[in-house]
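Engineer: sequence? don't have it. structure:
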C-alpha cells in the first residue's frame, strides 16, 4: 500500500461566451484505490454536476460556463493497494465465461479497429500459449514496432493509422495494443491516469494513457509505451478508448495552456515511499466489474 | 397499440469443432414493447446464458457449441405501443442536461467517426433551428446523398467511407446519420430490429438497422435508408453502432445460409391490423434511460 | 502579355552529413511562358544536374550535398502570354479523342482518389451540360464546401480526407477538385507556381497550388482555393498531384526556415502593369501536350 | 531465349448504348521481348486507335463502341530473352544517379502510399546492406506477412490497407512491395503480364501483377505473391501502380465474363521448352529507360 497525493490545475479562456465542459479528472474510487481526502475548486463558483459511471467508477463532472476565464483545481490523497499476480499462472478467460460487462471490450471501437487486425494478430500471436504471457508479448511487440515521438499524431489518430505509420504517443501505443488484444477476443480497455515515478527526462508530469486487459477475472495493467512505471499509476478514467475518457471534452471555443499536474508519495513516519520501479509481476486493479451481477440466467 | 408476432431461424455448420456464439435476437423488453410470449429452440440442446444489458434492454445469448450443426429458432408475440410526438414541439436537450447514460452516444465510435465530421455537420446543419426538425433534415440529407445498393459495402465500412463513396445498405445510412448527429452534440444510437410493412420488392424480411436520437428526454426513431416503415419496427438491439449489436457474433469458423425471418401483425376480433404506412409524426420508444438514476449529485 | 520577375531563396542546414535534394523551382519554359533571363546561385558551389520533363516542361534540379549549410537562389524574368477563351464555347474532349499523354490525368493518384468519388461526382455534376461551365461548377463547389484554414492538414492529406474533414490549404482544394474532375473522366492535373497579385492579407508570397483541366485540347487554369488571381500565375511544376511536383524533395535530415519568395511585374515605359484581378474569362497555358505526337495509328 | 505464344479473348455486353474502352493487352515490345507475329480481331469491326507509351512500351488501344456485344481477340508469338544477373553483385543506384524517368517511381502513388511507410520500412530494412538482396528481403517479408486469399480485396484496396488487413491477391502483394521499396528511395513499379508455368492448382491462366525494381540501371523482376514463375512472364503494361495499367478501363456500363487466356511455349525442333522453374538468379527486362536521354545537363 502507498499513499499518494496529486493535484491537477486547468485554466481556460472562453473565446465566445458560453461553453460546456465534461471533465474526467477525479480519481476513480475503487476497492484498490481509496480516496483519503479530496478537494475541488472551481472559479467562477459554478455548481458542478458530478456523476459516477457505475461499471468503471469513472467520475464525470459537467460545467456550464457562461463567462470565463475558468479555473478548475482538483487535489486528492489516495491509498493505492494494487493486486500483484504471478504472470505464469494467469490464464485467459474463455469467451463463454466472460462477464457481460466485459463483452463491450472485445468489440472494435473508434480508435481500436480490431476487426481489421484479425489476420495480423493471429499470425503474430495466434500460436502463443494463452494467458498473461501472450498479452505481455503483444505489449512488447507494440513497444518494439512503434516509435515514441511527441506531437506526431492527433486526436483522430487510430490503431489502424499506427500500424501503418509506426509512430505516436502513449495514447497511440495503448490503442494499438487494445486493438490487437480484441482481435484475439481478449477484453482490453483504455485507461487514463497520472503516473508517479516516470522518467523526468520525458518532461513535466502529464496525463498518461495505458491499457487494462481482462485475464482470469481481473483487469491487469500494461504500459505498451514503456514510458511510465505501472506501480505508480493513479487511475482516473476507463473506457473503450480515448473517445470515452478524455480528461476534458469541451463544447464551445476556448483557449488553454497545458494542464499543470503534480504527484508525489506521502512519507509515513518520516520514511519516504520508495520510488516505484519496473517489476516483473502482474499488477491489477480490482475493477468494478467484480461488483457486477454476472450470474448467468437460463431462459 | 399493435400485436406483432415474428420468428427468426438461424442455421450454422461448424467448419471446425468448437465455436462460441453471442446472439442478439431476442426482442428488447421495454415499456413500449411488452413480451406477450416467446419461445426459444436450440438444437443440439445447449443451455444458453442469457443476459440483459440494463440500459438498452438488449438481450445477449451466449452458446458454446462443441459440434454442429446448430439451429436456433426464436418466436415471440409482442404488444408495441409507440409514443407519438409532435415534430414541431420537440427541442434538443442542452449538453448540461443530458443524462449521464446518453453521453456515450455523443462520442465517436468504430463506425461513426463524428470527430471527423464536425465541419461538414456545422456547415450543412449548424444554421438550422435546434430540435426534431433539424434531425429530420439530417435524416433526409443522408437519404438524398447516399445511394442504396445491395452488397456494395462490408462489415468494415464506416461513416467516413460512406461520406466518400456515397453508397451502401441500411447499416451504412444509419452510421452516417448517427455520426452527423453526434458531430452536433446530439446523442444518437444504432438500433437493430425487424420491420413489418417494408416494401416486399426489396426482398425477403431481414434484419434492419435504424437510428434513435435523444431529443427532449426521449429516444426518437429515424430511418435514413427510407426502406422501411418506422411504425412497424420491432426493436432488438441498441448500441453505439453495429459493433455492439450484431445479431450474431461468432468466434470460430462456421458456414451458414441467410437467416429466415417472418413477421406479421395479429388480427384482433377478426380485424387485421392495418398495414403500417409512413406518417409525419415523431415516433419514440421510451428507452431504458428513463429508469436510470439521473439525479445530479453535487460534490 | 506581361513581364514578371520573381526570386526564390531557400536555405537548409544539414542535421547529418550528406543529403540529396530534388528541387522543382525553375519556371516552366512553355509557349506561353518565355524565359527572358534567369540566374541560379548555389552555395556551396555544387554542379547541379538539371533535367526537363518533356511533357510538362517541369525542370528538376538534383543536388548531392555533403556538408551544409546549403543556399539556393533562383531569379527569373519571364514574359507571360496566357490564352484567353470564352467559357461558354469550350466543350469537353470525348474520351476517344483524348491525347495519350492526357490519359494519365483521368486515373486516380496518391492524393486524388477519383475512383472513390464516382457516385458523389455523378450525383452532384452528372446532370450538368458538359464543358468549361461544368468544371467551373466543380471548382465553385469545392470552394464553398471546404474551409481554408492554415496548418490544418499535412503532407499525407488526400482528397478522400478533404471530402470528410472539409478543411485545408490550397493544395487540398486542388487535390479534391482534381479528383472530382477525374471521377467524371475529365483530365485534371496539379500545378505549382508563384502568384502575383494575391491578397497580401494572406501572408507573404508563397508557393501556390492550383489546377489545370484539359478541355477542347487545351489546359485551362482553375483556382479552387479562391485565394489567388489566376491572371498572375507563374507556372513551375505540373504533375498528377503533389507527389510529383514538390518544390523540394529531400533525402536526408535537414532543417530549414520557410522559403523567401518575391514576385513583381516589370514596368514598361514607366507604366506599371495593372494589378491582376479576377476576370470571367477562361485562361489557358498552351501546355506541352500540343507538341506530343497524338496522331492515332491503326494497327 | 524462349518462344511463347499466348491468346486473350475478351467479351462485353453493353448495358446501355455507347461505351469507351482503353485496353492494355498487347505484349510490350522491348529489347528483351520481341514480337514475332501478332493478330488482333475486333467484333464489330471498329478501327482501333493504338498508341505506345514511349517510356514503358505499354500499348494502349482505345475503342469507341456504339452497340454491342464486343469481342476482342489478341494473339501473339514472342521471343523472350531475359537478362540474368548475379544477385550478390547488383547494387542500388544512388539517388543523384537515378535517371529522370525513374524518379516518378520513388514517389507515392494511388495504391502505393510510400510516404506513410517510411518508419516501418526503415525499421525492418534500414539496416540491411543496400542492393538486390535487400529488395529480395522486402519481397520475402511481404510474402510471409500477407496471406493470399481470392476475392478478399477490391479495386480500391491499397498498400496501406494491406499492411493492416494482411490479406489480398497478387495485385495487393505488388502494391505493398512497391510502397516499401519507394519508402527506402528505391524506384519500383507495377507490371502486368501473363505467366507461363504457374501452378495449375491456382485456377485458369489469368492476368498477373508483379513488381519491377530499378537496381544498377536495370529493372529487375520480383513476384511477392509467390504464385507465379518469373522466368515465364510475358510483360504487357508497366506503370506506377494498378491505376495506370488496368487491362481494360471502361467508360460506360457493361457486363462481361472473365477473360479467356491461354499461354504456351512453342516447341523447337520437336523439343518442348522446359517448364519454367524458380531459379535463384536475378532476372531483368531491359526496360525502355535505357533509350531515354539521361545525360545530365548543367545549367
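Structural biologist: Now that the structure is in, tell me what you want to look at. This is a predicted model, so every value here is computed, not measured.

Engineer: in the stretch 151-299 of chain A, which spans are helices?
Structural biologist: Listed from the start of the chain, the stretch 151-299 of chain A has helices (DSSP state H, counting those that start in this stretch) covering A:159-165, A:170-183.

Engineer: model confidence over the shortest one, on average?
Structural biologist: In this model, helix A:159-165 carries a mean pLDDT of 98.

Engineer: Show me how the record splits chain A into domains.
Structural biologist: Taking automatic domain parsing as the domain assignment, the ranges for chain A are A:2-80, A:83-244+A:275-291.

Engineer: from these, which stretch is densest packed?
Structural biologist: domain A:83-244+A:275-291 (a mean of 20; mean count of other CB atoms under 10 Å in any protein chain shown). In this view, the C-beta of every residue, glycine as well, is placed from N, C-alpha and C.

Engineer: do that domain and chain D meet?
Structural biologist: Yes. Applying CB under 8 Å from any CB of the partner chain, one finds that domain A:83-244+A:275-291 is in contact with chain D at A:116-117, A:119-120, A:123, A:145, A:147, A:160, A:163-167.

Engineer: gap between that domain and the chain center?
Structural biologist: A distance of 9 Å separates the C-alpha centroid of domain A:83-244+A:275-291 from that of its chain, computed with CA atoms, centre = their mean, to the nearest Å.

Engineer: any bit of it sitting next to chain B?
Structural biologist: Yes. Domain A:83-244+A:275-291 comes into contact with chain B (CB under 8 Å from any CB), by way of A:94-96, A:100, A:103-104, A:107-110, A:113, A:115-116, A:155-156, A:185, A:243-244.

Engineer: got it, and stretch A:245-257?
Structural biologist: Yes. Residues of stretch A:245-257 contacting chain B under CB under 8 Å from any CB: A:249, A:251.

Engineer: Tell me how far the residue nearest the centre of chain A lies from chain D.
Structural biologist: Most central in chain A under CA atoms, centre = their mean is residue A:191, positioned 1.3 Å from the mean C-alpha point. For residue A:191, the distance to chain D under the criterion CB to the nearest CB, to the nearest Å works out to 25 Å.

Engineer: Which residue ranges of the stretch 51-200 of chain A form strands?
Structural biologist: Counting by DSSP state E, counting those that start in this stretch, the stretch 51-200 of chain A has these strands, from start to end: A:59-65, A:70-80, A:83-85, A:147-148, A:167-168, A:188-195.

Engineer: how near is residue A:56 to residue A:110?
Structural biologist: As judged by CB to CB, to the nearest Å, residue A:56 and residue A:110 stand 17 Å apart.

Engineer: scratch that, residue A:79
Structural biologist: Separation of residue A:79 from residue A:110 (CB to CB): 34 Å.

Engineer: Any part of the longest strand belonging to chain A near chain B?
Structural biologist: Using DSSP state E to assign secondary structure, the strand with the most residues in chain A is strand A:2-14. No. Looking at strand A:2-14 against chain B by CB under 8 Å from any CB, there are no contacts, and the closest approach is 14.6 Å.

Engineer: what are the pairing partners of that strand, and which direction each?
Structural biologist: strand A:70-80 (antiparallel), strand A:254-255 (antiparallel), strand A:260-265 (antiparallel) (DSSP bridges).

Engineer: got a list of what residue A:138 touches?
Structural biologist: Neighbour list for residue A:138: A:121, A:125, A:177, A:180, A:181 [criterion: CB atoms under 8 Å, 6 or more residues apart in numbering or on different chains].

Engineer: just to revisit the earlier point, now, among the residues of domain A:83-244+A:275-291 next to chain D, which is nearest to residue D:71?
Structural biologist: For residue D:71, the nearest member of these is residue A:119. The distance, counting by CB to CB, is 39.9 Å.

Engineer: re earlier: for residue A:279, find the nearest of the strands of the stretch 51-200 of chain A.
Structural biologist: Residue A:279 sits nearest to strand A:83-85 of all the strands of the stretch 51-200 of chain A, at 8.3 Å, using CB to CB.

Engineer: Tell me which other helices or strands the closest one touches.
Structural biologist: Using 3 or more CB pairs under 8 Å, 6 or more residues apart in numbering or on different chains; DSSP states H and E as the contact criterion, the elements in contact with strand A:83-85 are strand A:218-222, strand A:282-285.

Engineer: got the ones you listed as CSV, with mean pLDDT columns?
Structural biologist: What follows is the helices and strands packed on strand A:83-85, written out as CSV (pLDDT from 0 to 100):
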stretch, mean pLDDT
strand A:218-222, 95
strand A:282-285, 89
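
Engineer: out of those, nearest to residue B:141?
Structural biologist: Taking CB to CB as the criterion, residue B:141 comes closest to strand A:218-222 out of the helices and strands packed on strand A:83-85, the separation being 41.7 Å.

Engineer: Show me what the closest one is packed up against.
Structural biologist: Applying 3+ CB pairs under 8 Å, 6+ apart, one finds that strand A:218-222 makes contact with strand A:83-85, helix A:132-145, strand A:207-215, strand A:282-285.

Engineer: So for the longest one, mean pLDDT?
Structural biologist: Translated: helix A:132-145. When the per-residue pLDDT values of helix A:132-145 are averaged, the result is 98.

Engineer: how much does that helix deviate in direction from strand A:207-215?
Structural biologist: When axes from the mean of the first three to the mean of the last three CA atoms, to 10 degrees is applied, the directions of helix A:132-145 and strand A:207-215 differ by 150 degrees.

Engineer: Now do the end-to-end distance for stretch A:124-140.
Structural biologist: Taking CA to CA, to the nearest Å, the first and last residues of stretch A:124-140 lie 12 Å apart.

Engineer: my read is residue A:21 is in a strand, agree?
Structural biologist: Yes. Looking at residue A:21 with DSSP: H, G, I helix; E, B strand; the rest coil, it is inside a strand.

Engineer: Check the gap between it and residue A:12 for me.
Structural biologist: The separation that residue A:21 has from residue A:12, given CB to CB, amounts to 8 Å.

Engineer: so what sits against both of those two?
Structural biologist: Residues touching both residue A:21 and residue A:12 by CB under 8 Å, 6+ apart: A:65, A:70, A:250.

Engineer: ok now do residue A:259, which residues does it touch?
Structural biologist: Contact criterion CB under 8 Å, 6+ apart gives A:8, A:9, A:10, A:206, A:207, A:247 as the residues in contact with residue A:259.

Engineer: one more time with 7 Å
Structural biologist: Taking CB atoms under 7 Å, 6 or more residues apart in numbering or on different chains, we find residue A:259 in contact with A:8, A:9, A:10.

Engineer: Quick check on the residue nearest to residue A:71 when sequence neighbours are not counted: phi, psi?
Structural biologist: Counting by CB to CB, 6 or more residues apart in numbering or on different chains, residue A:71 lies nearest to residue A:43, which is 4.2 Å off, once chain neighbours are set aside. The phi/psi pair for residue A:43 (degrees, to the nearest 10) reads phi -130, psi 120.

Engineer: per-residue pLDDT, residue A:43?
Structural biologist: In the prediction, the pLDDT value recorded for residue A:43 is 94.

Engineer: Then residue A:290?
Structural biologist: Note on residue A:290: pLDDT of 40.
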